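Trainee: here's my sequence, what's the structure:
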Amino acid sequence: MWRRLLMVPLCFCCSPTTPKYEDILKNVGNTAGYNVASDFFTKAMNLSVDPCEDFFEFTCGKWIANHPIPNHKSSYSQIENVQDRVLDKMREIFESKEMSGSKSMNALKVMYRKCMDKDELNRIGARHLLKSIKGYGVWPMLDGDDKWRLEDFDLTSLLIHIYEVRGVNVFIVNVVYHDDRNVSRWLIKPVWVNTAEDNIAFYSLA
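Mentor: The predicted structure follows:
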């Protein structure tokens, strides 16, 4: 008897307070996001083509016609289209002479102007590049074969220096991710970096 009485308030407490999935679906067609997506897909489709004859042209024909591949690219997609718009907006912000209230944004603008100063870059030339290359050790192409010695070469130190200075992962990269068995903790997993040839057989000694 007492068990049944205790279950009554539990039923009321456990009743769903969020809208049902079916109710959400009924209102999807009235949302702004749905209208934007619907307009995008409608403009991308070529409804004059029979989908049974050419489904690709039916679904993407107008988008391809209205978005030709730029001369400096080998392919083009909606993702790249969005990326280009974002980059254009970033360039507009960085090139603006208006001072920002953010100290970080103003520092970014100064850095951007220095990177885009072609006259100054041409004046400096390859000086900084050559200095950076020499920081990795002796290079026969730059210093001559007589200055490079095998006993002075340390591959481990070189790889560490490349990672510290350039942030380039060589051979192995450490990835931090959630533990699938316990999402309250994180794991560090070493992953083999993709190289020009991923087949391990090409790196094995014959």
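Trainee: quick one: the lengthiest strand in the chain to chain centroid distance?
Mentor: The strand that spans the most residues within the chain, counting by DSSP state E, is strand 182-192. Put simply, strand 182-192 sits 20 Å off its chain's centre (CA atoms, centre = their mean, to the nearest Å).
Trainee: next one: stretch 140-150
Mentor: Here stretch 140-150 shows a centroid-to-chain-centroid distance of 38 Å under the convention CA atoms, centre = their mean.
Trainee: worst mean pLDDT across the helices and strands of the protein, which element?
Mentor: For the chain, using mean pLDDT, DSSP states H and E, the weakest element among its helices and strands is helix 2-13, scoring a mean of 43.
Trainee: C-alpha coordinates for the helix or strand containing residue 164, PDB please?
Mentor: Using DSSP states H and E, residue 164 sits within helix 155-166. Extracted in PDB, the C-alpha atoms of helix 155-166 (Å, rounded to 0.1, in the frame of the first residue of the first chain):
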ATOM      1  CA  LEU A 155      67.800  13.600 -35.200                       C
ATOM      2  CA  THR A 156      65.900  13.600 -31.900                       C
ATOM      3  CA  SER A 157      67.100  17.100 -31.000                       C
ATOM      4  CA  LEU A 158      66.300  18.300 -34.500                       C
ATOM      5  CA  LEU A 159      62.700  17.000 -34.300                       C
ATOM      6  CA  ILE A 160      62.200  18.600 -30.900                       C
ATOM      7  CA  HIS A 161      63.500  21.900 -32.100                       C
ATOM      8  CA  ILE A 162      61.200  21.800 -35.200                       C
ATOM      9  CA  TYR A 163      58.200  21.200 -32.900                       C
ATOM     10  CA  GLU A 164      59.200  23.900 -30.400                       C
ATOM     11  CA  VAL A 165      59.900  26.600 -32.900                       C
ATOM     12  CA  ARG A 166      57.500  25.700 -35.800                       C
END
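Trainee: and the helix or strand that it is followed by, which strands flank it?
Mentor: Following helix 155-166 in sequence order, the next helix or strand is strand 172-179 (DSSP H and E). Using DSSP bridges, strand 172-179 pairs in its sheet with strand 182-192 (antiparallel).
Trainee: what is the mean pLDDT for the strand it pairs with?
Mentor: For strand 182-192, the mean pLDDT works out to 84.
Trainee: pull out the buried positions in it.
Mentor: Residues of strand 182-192 include none that count as buried (16 or more other CB atoms under 10 Å). For glycine as for every other residue, the C-beta is placed from the backbone atoms N, C-alpha and C.
Trainee: give me the packing partners of the longest helix seen in the chain, helices and strands only.
Mentor: Using DSSP state H, we find that the single longest helix of the chain is helix 78-95. Applying 3 or more CB pairs under 8 Å, 6 or more residues apart in numbering; DSSP states H and E, we find helix 78-95 packed against helix 103-115.
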